[in-house]
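Engineer: please find the sequence and the predicted model below.
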Amino acid sequence: DIVMTQSPDSLAVSLGERATVNCKSSQSVLYSSNKKNYLAWYQQKPGQPPKLLIYWASARASGVPDRFSGSGSGTDFTLTISSLQAEDVAVYYCQQYYSRPPTFGQGTKLEIK
Amino acid sequence: EVQLVESGGGLVQPGRSLRLSCTTSGFTFGDHALSWFRQAPGKGLECLGFIRSKIYGGTPEYAASVKDRFTISRDDSRSIAYLQMNSLKTEDTAVYYCVRVSSQATDLFDSWGQGTLVTVS
């Protein structure tokens, strides 16, 4: 199984500041034939189910604000929130869908400083 | 609007069975695989398995941790998916989510239900 490791485990950022979450996979999730990274990011607010934010490492899901962006390739990926809003308090998970079983990172808890 | 609504959770004794339902609307049910996840209190996400769309055989696959105890099925005529859980253990206590698999990629999960709590005690 591909192991996904996120850093940090928790993060406190001031409102309006940039927040960055990192995700590393134990093997590449870049599919050479289509040059796509099989990497997604999810947001889970307290008491709610996860919500898909980013797929193909950098494509925003429908309705996701453009302050959320994803980057990276191969084994190293980043989720960036350009200007943190109060409603962004959540746990963020990365997930690979390159190979079965799909695996998730342990989560990064984002709070307001 | 895509909706997935889980039902059937509750308190159950160890060793007993429970069947969860996932009632869906707002999309063409038959075009999508469906997956079940769970999340134990304060823990991360665990994929329990999925069931393919009928176009791809409608067959299920399971995580090793539940393979011999859990069964996923679907009723395309009613747009409902099911999770049958047998021989329940205290460690099965979790919120259970029904999840739609994206049409863009296998194992990309684009819509989640609100979840139903199963407590085994």
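Structural biologist: Sure thing, it's come through. The structure presented is a predicted model; accordingly, all values stated were derived computationally and were not measured.
Engineer: only C-alpha atoms from now on, for both contacts and neighbour counts.
Structural biologist: Noted.
Engineer: quick one: secondary structure of the residue nearest the centre of chain A?
Structural biologist: The centre of chain A sits closest to residue A:41, judged by Cα atoms, centre = their mean, with a distance of 3.3 Å. Reduced to three states with DSSP: H, G, I helix; E, B strand; the rest coil, the structure at residue A:41 is strand.
Engineer: just grab the bridge partners of it for me.
Structural biologist: Counting by DSSP bridges, residue A:41 forms beta bridges with residue A:54, residue A:94.
Engineer: pretty sure it sits against residue A:58.
Structural biologist: No. Counting by Cα atoms under 8 Å, residue A:41 stays clear of residue A:58, with 9.2 Å between them.
Engineer: contact residues of chain A facing chain B?
Structural biologist: Within chain A, the positions near chain B by Cα under 8 Å from any Cα of the partner chain are A:40, A:48-52, A:55, A:97, A:100-102, A:104, A:106-107.
Engineer: which pair in those residues spans the largest distance?
Structural biologist: The largest separation in the residues of chain A next to chain B, counting by Cα to Cα, is between A:48 and A:100 at 25.7 Å.
Engineer: mind listing what's buried along stretch B:101-112?
Structural biologist: Across stretch B:101-112, burial judged by 16 or more other Cα atoms under 10 Å in any protein chain shown covers B:101, B:102, B:106, B:107, B:108, B:109, B:110, B:111, B:112.
Engineer: quick one: residues contacting the closest residue to the first one other than its chain neighbours.
Structural biologist: Distance criterion Cα to Cα, 6 or more residues apart in numbering or on different chains; nearest residue to residue B:101, sequence neighbours excluded, is residue B:109 at 4.6 Å. Under the criterion of Cα atoms under 8 Å, 6 or more residues apart in numbering or on different chains, the contact partners of residue B:109 comprise A:52, B:99, B:100, B:101, B:102.
Engineer: list the beta-bridge partners for the closest residue to residue B:21 other than its chain neighbours.
Structural biologist: Nearest in space to residue B:21, with sequence neighbours left out and distances taken as Cα to Cα, 6+ apart, is residue B:82 at 4.6 Å. Beta-bridge partners for residue B:82, by DSSP bridges, are residue B:21, residue B:73.
Engineer: just give the number of residues close to residue B:82.
Structural biologist: 23 (other Cα atoms under 10 Å in any protein chain shown).
Engineer: again, but for the one 3 residues further on
Structural biologist: Each residue near residue B:85 was counted by other Cα under 10 Å, and the total is 19.
Engineer: again with residue A:19
Structural biologist: 20.
Engineer: touching, it and residue A:78? I think so.
Structural biologist: No. Counting by Cα under 8 Å, residue A:19 stays clear of residue A:78, with 10.1 Å between them.
Engineer: close to chain A: what parts of chain B are there?
Structural biologist: Contact residues (Cα under 8 Å from any Cα) of chain B with chain A: B:44-45, B:47, B:63, B:97, B:105-115.
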